[in-house]
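Trainee: Sequence first, predicted model second:
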Amino acid sequence: MSRIGLKPIAIPAGVTVNVEEGNKVTVKGALGTLTDTFSSHITINNDNGVITLARDSEEKEVKALHGLTRALLNNMIVGVTKGYSKTLEIEGIGYKAEKQGNKLVMKLGFSHDIVVTESDDYKFEVTSPLTIVVKGIDKQKVGEISAQIRGKRPPEPYKGKGIHYQGEHIRRKAGKTGK
């Protein structure tokens with residue numbers, strides 16, 4: 001039995017949730033609108049500001065979809081009320097980031113600058129030359145663009161230079177030892 005899928009989701013004030021034909025769910029809030037389509041094996045009920053989910057069978061895949069659907073719906077509601085953010089830190093001599101208009105320009109030790117453009121789904125904020133904050137209402141897109149930025153120069157294990165998430169532990173290796 002899915003313990004996550006059975007939990008009801010309370011809809012906060014100022015958020016509207018519309019469930020349409022084919023399990024197409026639209027969530028509108030103060031920060032924006034999110035739309036997603038879910039499996040037809042899951043029934044989504046919106047009653048008096050509380051969303052409950054039910055499944056039509058006890059198959060393993062449907063049980064997994066039950067909890068997944070509930071988690072995705074909850075992420076949509078949290079996204080349009082509070083939003084999501086990920087903080088990336090840059091380490092290394094000469095490495096830095098700056099925002100130019102709607103573009104994030106990073107100097108990461110290459111012969112060229114790395115440029116990432118903002119979208120409607122996410123925005124960049126450079127709080128210091130070594131700190132980048134990615135903000136948005138869609139948790140999946142914020143995580144995806146953060147991973148892409150980190151992938152431009154992942155942290156290396158000897159000196160720890162590169163881009164890493166705030167609070168991420170980097171396993172360090174010992175270098176060569178002399179005679």
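Mentor: Done, it's in.

Trainee: for this structure, what spans make up the strands?
Mentor: For the chain, the strands defined by DSSP state E cover 9-10, 16-20, 24-28, 33-37, 42-47, 50-55, 84-91, 96-100, 103-107, 114-117, 122-128, 131-136, 162-165.

Trainee: Just list whatever residues bridge to the closest residue to residue 156 other than its chain neighbours.
Mentor: For residue 156, ignoring the flanking residues on the chain, the nearest one in space by CB to CB, 6 or more residues apart in numbering is residue 162 at 5.8 Å. C-beta here means a position set from N, CA and C on the backbone, and glycine is covered the same way. Listed beta-bridge partners, residue 162: residue 91 (assigned using DSSP bridges).

Trainee: buried residues in the longest helix seen in the chain?
Mentor: Identified as the longest helix of the chain according to DSSP state H is helix 60-81. If you call a residue buried by 16 or more other CB atoms under 10 Å, then helix 60-81 has these buried ones: 62-63, 65-70, 72-81.

Trainee: One more: stretch 141-149?
Mentor: Residues of stretch 141-149 classed as buried: 141, 142, 145, 146, 149 (neighbour count, 16+ other CB under 10 Å).

Trainee: Turn those into JSON lines, including pLDDT.
Mentor: Compiled in JSON lines, the buried residues of stretch 141-149 are given as follows (pLDDT from 0 to 100):
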{"residue": "141", "pLDDT": "95"}
{"residue": "142", "pLDDT": "96"}
{"residue": "145", "pLDDT": "96"}
{"residue": "146", "pLDDT": "96"}
{"residue": "149", "pLDDT": "96"}
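
Trainee: Lovely, talk soon.
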